[in-house]
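*Asks:* Below: sequence and its predicted model.
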Amino acid sequence: MIAKFKEANPEMEFSSDFIIGFPGEEEQDFQDTLDIINRVNFNSSYSFIYSQRPGTPAVDRDQISLDICKARLLKLQTLLGDIQFKNSKQLIGKKTEILIENKTKTPGQFFGRSKFMHSIFFNSENCNPGDLVDIEITSCNSKNLFGILQKEEVLV
């Protein structure tokens, strides 16, 4: 299905949430999750350990040990982080339009997101939250992109 989506729109990117240690999760289930992560190449994700919710059917099922959950979460987050960093490095030197969300606590620095929800920081003296601006990506870390505003005029 992912291949069909990418064929229809090669620019399409994917994000997902992952719950680790849901009652009944076997080692093979976890390996299948890692396999799909490698195949889909998620550009971003959120992951966390399952926590019981009173009144839900899963509360009555056998719980997976916290040690196993922590080990699986670390493995999963490492893989997702490596993929995100690899994808982010490929954006260096490219231009993208972003929506400015806010001014950061750092003087002259703003934060915004691309249409694919990439987190991007840049410096400017003439921007406002809600503006659309073009940014050239200059560097990245494992979570964020950093760039240069292409021109001080705002794209309204």
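*Replies:* All right, it came through fine. Numbering: from 1, shown residues only.

*Asks:* ok so Gln52 is a strand residue?
*Replies:* No: according to DSSP: H, G, I helix; E, B strand; the rest coil, the state of Gln52 is coil, so it is not within a strand.

*Asks:* what's the spacing between it and Phe116?
*Replies:* Separation of Gln52 from Phe116 (C-beta to C-beta, to the nearest Å) stands at 34 Å. The way it works is simple: take the backbone N, C-alpha and C, and place the C-beta from them, glycine included.

*Asks:* cool, Asp29 as well?
*Replies:* Going from Asp29 to Phe116 by C-beta to C-beta gives 28 Å.

*Asks:* Comparing the two, which residue is more hemmed in?
*Replies:* When neighbours are counted by other C-beta atoms under 10 Å, Asp29 and Phe116 differ, and Phe116 comes out ahead with 15 against 11.

*Asks:* what residues are up against the residue positioned nearest the centre of the chain?
*Replies:* Centroid check for the chain by C-alpha atoms, centre = their mean gives Ser44 as the closest residue, at 2.0 Å. In this structure, Ser44 makes contact with 15, 84, 117-118, judged by C-beta atoms under 8 Å, 6 or more residues apart in numbering.

*Asks:* Pull out the buried members of those.
*Replies:* Burial by neighbour count, 16 or more other C-beta atoms under 10 Å: within the contacts of Ser44 this picks out 84, 118.

*Asks:* Nearest to Asn141 among the contacts of Ser44?
*Replies:* Lowest distance from Asn141 to the contacts of Ser44 (C-beta to C-beta) belongs to Gln84, with 10.0 Å.

*Asks:* check which helix or strand covers that closest one.
*Replies:* helix 66-89 (DSSP states H and E).

*Asks:* Packing partners of that helix?
*Replies:* For helix 66-89, the packing partners by 3 or more C-beta pairs under 8 Å, 6 or more residues apart in numbering; DSSP states H and E come out as strand 15-20, helix 27-40, strand 44-49, strand 132-140.
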